[in-house]
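> What would the 3D arrangement of this be:
(one chain, ligands or ions: 1)
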Amino acid sequence: MTYAYLGPEGTFTQAALRRVAPGGQGRPFPTVPAALDAVRRGDCEAAVVPLENSVKGVVPVTMDQLVSAELHITAEVEVPVTFTLMARPGTGLDSVTEVLSHPHALDQCARWLAEQLPEARLRPVDSTAAAAREVAEAASAAGVAAVAAPLAADLYGLASLATGIGLRAGAVTRFVSVAPAWFPPARTWLDRTSLLVNPGDGPGRLVDILTEFCSRDIEVSRLHSWPTGDRLGSYRYFIDIDGHIENPPVREAVSAIAGLGAGARFLGSYPRWGRRPEELVHTGPAGAPVSLPPTRSPHPGA
Ligand SMILES: O=C(O)C(=O)Cc1ccccc1
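Below is the predicted model of the structure:
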């Protein structure tokens, strides 16, 4: 299976792809829309794109694409992100006048850069690895540095000037794998369903929608407003809930929401990252594995 990803080689997205689809073949694209276009055209079967970060929130270009494109989320993966400042070998920190990176990376390193390189110009580019490659390949890269994953320094022959320059240690980015048609990943007992809901006008409509979940004991793990573009104050909502669309309470809640006259688009059901049954089976007392519920039986809230 060929996956489009935000390239070039050495991006955090490529690291995400390796985690989410270890056997998958990656094909780099310069931007998130270009990667998703490749999927829409059928040149790639799926794409892996960054969705949100634990420190700086959503990646706007991906949110826009999910709204406008008939694509479905088929998997999620979280990747720890640590940032390194890198430059051509021989460049000293005090000679850096320009720093290139993906906007999210510049944003997450803004404090360190403001303290250490207050005079440097920050220039956003399409990805962290694109920044590293540009520094490596530019005819004149004197005084230019990139913020990228530590691995990018090796890949592009750059020297590390500082490591761990992000605002928060332990920052994590959530990536999703997206495909044109949704072939339901088998139900596990820890799935997530993503929806895009437009409540329409009227007081209490968002509350009515959320009530459909709460009244069925379904956990809402994410609620993110996104402008419809029609007028100021008009929003649709990205809603993540626990459970798979094939689980009766989830299915009933989604139909009930449509019955309320709200626009509800199903974006996908997929296993929740990080709490895999095979991991949980080892969480009991030593030598006493916890038994798993049957994979296809409904469970509370899902
Ligand atoms: O530019 C990259 O390497 C990406 O994969 C996008 C990104 C940038 C910063 C944090 C997480 C993902």
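> so where's this structure shaky on pLDDT?
Counting by pLDDT under 70, the chain contains low-confidence residues at 69, 182-184, 275-302.
> The ligand contacts on that one?
Contact residues (CB under 6 Å from any ligand atom) of the chain with the ligand: 6, 11-13, 50, 53, 81, 102, 104-105, 127-129, 173. C-betas here are computed from N, CA, C, even on glycine.
> List the residues that contact residue 131.
100, 101, 102, 105, 125, 146, 147, 148 (CB atoms under 8 Å, 6 or more residues apart in numbering).
> wait, I meant residue 194
Taking CB under 8 Å, 6+ apart, one finds 73, 238, 239, 240, 267, 268, 269 in contact with residue 194.
> By neighbour count, which of these wins?
With neighbours defined as other CB atoms under 10 Å, the most crowded of these is residue 269; it has 26 neighbours.
> Just the closest of the contacts of residue 194 to residue 35, please.
Of all the contacts of residue 194, residue 35 sits closest to residue 73, with 14.2 Å by CB to CB.
> Which strand or helix spans the closest one?
Taking DSSP states H and E as the criterion, residue 73 maps to strand 72-80.
> The residues of the chain next to the ligand in strands, which ones?
6, 50, 53, 173 (DSSP state E).
> name the helices or strands packed onto the biggest helix by length in the chain?
For the chain, the helix that runs over the most residues, judged by DSSP state H, is helix 248-259. In this structure, helix 248-259 makes packing contacts with strand 191-198, helix 205-214, strand 263-271, judged by 3 or more CB pairs under 8 Å, 6 or more residues apart in numbering; DSSP states H and E.
> what comes up buried for that helix?
249, 250, 253, 254, 256, 257 (16 or more other CB atoms under 10 Å).
> Can you pull out the residues in contact with stretch 109-129?
By CB under 8 Å, 6+ apart, stretch 109-129 touches 6-14, 30-31, 83, 85, 93, 96-103, 105-106, 131, 134, 145-149, 152, 155-156, 162, 165-167.
> Okay, and the beta partners of the residue nearest to residue 135 when sequence neighbours are not counted?
Setting aside the residues directly before and after it, residue 135 is nearest to residue 146 in space (CB to CB, 6 or more residues apart in numbering), at 4.6 Å. Residue 146 has the following beta-bridge partners by DSSP bridges: residue 86, residue 100.
> residues touching residue 146, list them.
Residues in contact with residue 146 (CB under 8 Å, 6+ apart) are 85-87, 99-101, 128, 131-132, 134-135, 152, 158.
> Tell me the most packed of those residues, by neighbour count.
Neighbour counts for the contacts of residue 146, by other CB under 10 Å, peak at residue 132, which reaches 33 neighbours.
> picking that back up, same list (the contacts of residue 194) but as TSV, adding distance to residue 217.
Shown next, in TSV, are the contacts of residue 194 (distance: CB to CB, whole Å):
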residue	distance to residue 217
73	23
238	21
239	16
240	16
267	22
268	22
269	17
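> of those, closest to the ligand?
Set against the ligand, the nearest of the contacts of residue 194 by CB to the nearest ligand atom is residue 73 (16.8 Å).
> okay but that closest one is in contact with residue 267, surely?
Yes: Residue 73 is within contact range of residue 267, at 5.3 Å (criterion: CB atoms under 8 Å).
> Name the residues contacting each of the two.
The contact lists of residue 73 and residue 267 share 66, 194, where a contact means CB under 8 Å, 6+ apart.
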